[in-house]
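>>> Quick check, what structure comes out for this input:
(chains A, B and C)
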Amino acid sequence: MLSRRNPQLNAHGELIHLLSIEGLPREVLTHILDTAGTFLSVNQREVKKVPLLRGKSVFNLFFENSTRTRTTFEIAAKRLSADVINLDIARSSTAKGESLLDTIANLSAMHADMFVVRHGESGAPYLIAQHCAPHVHVVNAGDGRHAHPTQGLLDLYAIRHYKHDFSRLTVAIVGDIVHSRVARSDIHGLTTLGVPEVRVVGPRTLVPGDLRSMGVRVCHDMAEGIAGADVIIMLRLQNERMSGAMLPSAAEFAKTFGLTPEKLALARPDAIVMHPGPINRGVEIDSSVADGAASVILPQVTFGIAVRMAVMSIIAGNEA
Amino acid sequence: MLSRRNPQLNAHGELIHLLSIEGLPREVLTHILDTAGTFLSVNQREVKKVPLLRGKSVFNLFFENSTRTRTTFEIAAKRLSADVINLDIARSSTAKGESLLDTIANLSAMHADMFVVRHGESGAPYLIAQHCAPHVHVVNAGDGRHAHPTQGLLDLYAIRHYKHDFSRLTVAIVGDIVHSRVARSDIHGLTTLGVPEVRVVGPRTLVPGDLRSMGVRVCHDMAEGIAGADVIIMLRLQNERMSGAMLPSAAEFAKTFGLTPEKLALARPDAIVMHPGPINRGVEIDSSVADGAASVILPQVTFGIAVRMAVMSIIAGNEA
Amino acid sequence: MLSRRNPQLNAHGELIHLLSIEGLPREVLTHILDTAGTFLSVNQREVKKVPLLRGKSVFNLFFENSTRTRTTFEIAAKRLSADVINLDIARSSTAKGESLLDTIANLSAMHADMFVVRHGESGAPYLIAQHCAPHVHVVNAGDGRHAHPTQGLLDLYAIRHYKHDFSRLTVAIVGDIVHSRVARSDIHGLTTLGVPEVRVVGPRTLVPGDLRSMGVRVCHDMAEGIAGADVIIMLRLQNERMSGAMLPSAAEFAKTFGLTPEKLALARPDAIVMHPGPINRGVEIDSSVADGAASVILPQVTFGIAVRMAVMSIIAGNEA
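Below is the predicted model of the structure:
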């Protein structure tokens, strides 16, 4: 998907769009995580506001609906003092038959500064980044099965926050790997930052063997998958996979791959449990685990705001 | 519903949530009304903006839709310089099966400062206040048949504005009392502030005799109900009650309990007429009364913004 | 429709509402275009924000949905530092049977400063302007088939920008003239500013002969219509006209009146091509023309923001 030159970076190697973690050098990832750390403290102040994006127009373009993710970007942009415009895409000109690129060209002509794009088709944010005006920056908020880079970055932030050093970790990602843009972004990030063992864990229908080409260990056995893990990332089981050809049933999945206290006991004693949310209690994760001492699910949400503020402020500061 | 200690007040007796007028001491109510008076003048300035909630994130969580009420809170929060996020609850994670408390925990983790909650279930704002992080404040914008405290407060403000002294008043509330959270909030507020006679007026199906336990006089006869009243609060007749078991018909109700100039003549000559809106012209109120000299329906709307600014600024300034 | 005194102007002849270009004197139009010029440079700054509407509450009241137009007003108002409230009219009290004027009275009582109104009925913004409080200003964002004055103004701005002098121009407006509020606003503006020849071009069903009373030349032949034109304004062919009694088919219309490079060659060599958007590529305009050297369609969008900022700031500064 990436052309020879990474379209996310300018000629100086600086980030101008965030489209995917794949292909980003370690220094860029580390710079984002470091910057997020400074915004974490902004979010704990009385006045949670900095003027970095004052007078900038940020457009939320959610072609696929996600209230939660849109909200996190909206909060992040407002805390940077940007003007935020939520486009109701389902009712917009796109619905009147206008092409995606014509919509983008029109919004660019309004002097947009940033597009936050969620789209059901993999690659849509790339297409937008390649065609929009040079002063416009694009953030991928999830495209098809391809990537969800800000979720990946907040996962990296959480892991660094609790585990400090990537170079000795075992990270297990459990669930529907093959359909998950979160898993894909996590794997690219963890690999780039030097995690020696990344495991993907789930049934053969959701975790096919050819994932090995991404540099991960494929486990179809839950006990093997989480044994000795430092970090367990549970993925949400999408409703549409809960029945049919992919899975016998949600109950069956829960029994085999749902994270219970018993299974968690196989991981390292100081293991942390992560989840991108929203969680299906009793399906991929037991309530006692989600609310337990190992869970960092709510801190992930907190880190997510800081990471999005970091990404937006970094790309807005770099010239194309 | 209230536990022994009032969850709306902190250990110093200061307001930290606004959940219900019930249980609030007279001094707290008076403090809100006094503060609203200062915001009324802000709203008449050229620049209708004060920085009291600058850098705070206010979330409108309307599980039950109400564009008008949401708008009043949105304006109030923006005039206090808050960042306002409207959540489209119908499309959000709650719709994906996430529990109310998980949604609240997630928004709290984003460093929300305030939730403005409307919910079809009585008590939902209490549940949220009991479970959210200590830095988060909750305002009840209407829960089931239970309470609508900001509407009650703006009614109190209007009455004080026009009548000055609560201690000699007769207030008649007319219409569907039993299903009305507005009536319930009004009754608690009027009683606390020392109104000697509060009457509830309507047919037996909508004004049952056991309302007497709230300290009000129950009238099934309209003439008796408004005779000599200083204040008449007409309630909106909800469409869903206009036919069926509760009422023979809207026309029948209008004939018996609708406020016409003839019936209004039974009240005191300086009586004021109030209504929470939106009005059904020709059903519970005649156009000539709604638009007449006694009507303070539009000033109520004006006071409503000032009262909501007062509530938000007071609770945001108090530590849990 | 206009009463004797133009309701858009105060006793000093200053603009207090923008309801229609019809009836506005040349100096008022020129003042708006001049002011827009200064805002064009604001929109090119790093910080695209001026404090002219700080503390003002601007309500977008779109009774007819249009995401694009609403967005342009929202951006314009935010760049003027206003608080913007988008009302979801379809779900609001109007949907509960409240009358338009009661809704307006209520919003005025909230100390609204400006209503941006789109409505399916011609004249609705006039009705609102006649009934709202004196401190409230109304901008017509499109009413029925009547007027779309900000679109007309941005078209005038574009023509002045590229052609400088109105007094020697031939302007051809092509398409469904009879149903187009854009065409009507354009014609009034071009006539007032002294364009000697305005042609309306299209089939008899969409361009009836009685349009001549507006001071335009009616052409049913495309070659005649655009021969020697300096400016060609192509209108969007609405889906609902593409079949049925009005037109044999979209393909038929495209063949006869769609703007192709061959037809464009009949105009002056330096002719510009305009379109209010969103465009139907291959119907009223060929892609090679829309994206070609003569097209100023995207600059129109840019000018549109500046024109809306100009209109809002001018009317907000004038007393009723």
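>>> The nearest residue to residue A:72 once chain neighbours are set aside: which element?
Excluding its sequence neighbours, the residue lying closest to residue A:72 (Cβ to Cβ, 6 or more residues apart in numbering or on different chains) is residue A:304, at 5.4 Å. In short, each C-beta sits where N, CA and C put it, glycine included. Taking DSSP states H and E as the definition, one finds residue A:304 inside helix A:297-317.
>>> repeat for residue A:245
If you go by DSSP H and E, residue A:245 is not part of any helix or strand.
>>> residue contacts, it?
With contacts taken as Cβ atoms under 8 Å, 6 or more residues apart in numbering or on different chains, residue A:245 has the following neighbours: residue A:205.
>>> about what we covered before: the residue nearest to residue A:72: neighbouring residues, count only.
Residue A:304 has 29 neighbouring residues, counting by other Cβ atoms under 10 Å in any protein chain shown.
>>> right, and it touches residue A:148 too?
No: with the criterion set as Cβ atoms under 8 Å, residue A:304 and residue A:148 do not qualify as a contacting pair; they are 11.1 Å apart.
>>> one step back: which ones are touching the residue nearest to residue A:72?
Contact partners of residue A:304, counting by Cβ under 8 Å, 6+ apart, are A:72, A:150, A:151, A:154, B:110.
>>> State the number of residues packed around the third one.
By the other Cβ under 10 Å criterion, the neighbourhood of residue A:151 contains 26 residues.
>>> Next one: it from chain C, what distance?
27 Å (Cβ to the nearest Cβ, to the nearest Å).
>>> Next, the angle helix A:297-317 makes with the helix or strand where that residue lies.
Here residue A:151 sits within helix A:149-163, counting by DSSP H and E. Using axes from the mean of the first three to the mean of the last three Cα atoms, to 10 degrees, the interaxial angle of helix A:149-163 with respect to helix A:297-317 works out to 120 degrees.
>>> Would you mind checking the average pLDDT for the following helix or strand past helix A:149-163?
Taking DSSP H and E as the definition, the helix or strand that follows helix A:149-163 towards the C-terminus is strand A:170-174. Per-residue confidence for strand A:170-174 averages out to 98 on the pLDDT scale.
>>> Only the buried residues of strand A:170-174, if you could.
Taking 16 or more other Cβ atoms under 10 Å in any protein chain shown as the neighbour-count basis, strand A:170-174 is seen to contain the buried residues A:170, A:171, A:172, A:173, A:174.
>>> before we move on, what about stretch A:121-133?
Judged by neighbour count (16+ other Cβ under 10 Å), stretch A:121-133 contains these buried residues: A:123, A:124, A:125, A:126, A:127, A:128, A:129, A:132.
>>> Centre of the chain to that stretch, how far?
Taking Cα atoms, centre = their mean, to the nearest Å, one finds the center of stretch A:121-133 at 18 Å from the center of the full chain.
>>> wait, does it make contact with chain C?
No: with Cβ under 8 Å from any Cβ of the partner chain as the threshold, stretch A:121-133 lies outside contact range of chain C, at a closest distance of 9.4 Å.
>>> Can you give the contact residues for that stretch?
When contacts are defined by Cβ under 8 Å, 6+ apart, stretch A:121-133 is touched by residues A:1, A:7-8, A:17, A:19, A:63, A:100-101, A:104-105, A:108, A:115, A:117, A:119, A:138-140, A:143-147.
>>> Tell me how far the residue of chain A found nearest chain C lies from residue C:56.
Nearest to chain C in chain A, going by Cβ to the nearest Cβ, is residue A:55, at a distance of 3.2 Å. As judged by Cβ to Cβ, to the nearest Å, residue A:55 and residue C:56 stand 18 Å apart.
>>> Which pLDDT value goes with residue A:206?
The predicted local distance difference test score for residue A:206 is 93.
>>> Pull the number of nearby residues for it.
Under the criterion other Cβ under 10 Å, the count of neighbours that residue A:206 has is 23.
>>> any idea how far residue A:259 is from it?
15 Å.
>>> returning to that earlier point: any chance of a ChimeraX selection covering the buried ones in the contacts of stretch A:121-133?
Per 16+ other Cβ under 10 Å, the buried members of the contacts of stretch A:121-133 correspond to this ChimeraX selection:
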select /A:7,8,17,19,63,100,104,105,108,115,117,119,138,139,140,143,146,147
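>>> coming back round to it: let me have the buried residues of strand A:170-174 in TSV, adding distance to chain C as columns.
Written out in TSV, the entries for these read as follows (distance: Cβ to the nearest Cβ, whole Å):
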residue	distance to chain C
A:170	46
A:171	41
A:172	43
A:173	38
A:174	40
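>>> Residue C:24: which of the residues you listed is nearest?
Of all these, the one sitting nearest residue C:24 is residue A:173; the distance, using Cβ to Cβ, is 63.9 Å.
>>> need the contact list for the closest one.
If you count contacts by Cβ under 8 Å, 6+ apart, residue A:173 has them with A:183, A:186, A:187, A:198, A:199, A:200, A:201, A:233, A:235.
>>> Where does pLDDT dip in chain A?
Screening chain A residue by residue with the criterion pLDDT under 70, one finds the ranges A:1-4, A:90-97, A:240-244.
>>> Now with 90, please.
By pLDDT under 90, the low-scoring segments of chain A are A:1-6, A:43-47, A:64-67, A:87-100, A:132-134, A:238-252, A:319-320.
>>> Can you name the residues of it that neighbour chain C?
Going by Cβ under 8 Å from any Cβ, the residues of chain A near chain C are A:54-57, A:83, A:85, A:87-89, A:91-93, A:96-99, A:102-103, A:105-111.
>>> Of those residues, select the buried ones using a ChimeraX command.
Applying 16+ other Cβ under 10 Å to the residues of chain A next to chain C leaves a buried subset, and the ChimeraX line that selects it is:
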select /A:55,56,57,83,85,87,88,89,92,93,98,102,103,105,106,107,108,109,110,111
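>>> of the residues of chain A next to chain C, list those near chain B.
Intersecting these with the contacts of chain B gives an empty set (criterion: Cβ under 8 Å from any Cβ).
>>> Tell me how many other residues crowd residue A:196.
Residue A:196: 12 surrounding residues under other Cβ under 10 Å.
>>> Please apply the same query to the one 3 residues further on.
Around residue A:199 sit 20 other residues, with neighbours defined as other Cβ under 10 Å.
>>> what element comes up after the helix or strand harbouring it heading to the C-terminus?
Applying DSSP H and E as the criterion places residue A:199 in strand A:197-201. In the C-terminal direction, the helix or strand that comes right after strand A:197-201 (DSSP H and E) is strand A:217-219.
>>> mind listing what's buried in that next one?
Burial within strand A:217-219, assessed by neighbour count using 16+ other Cβ under 10 Å, is assigned to A:218, A:219.
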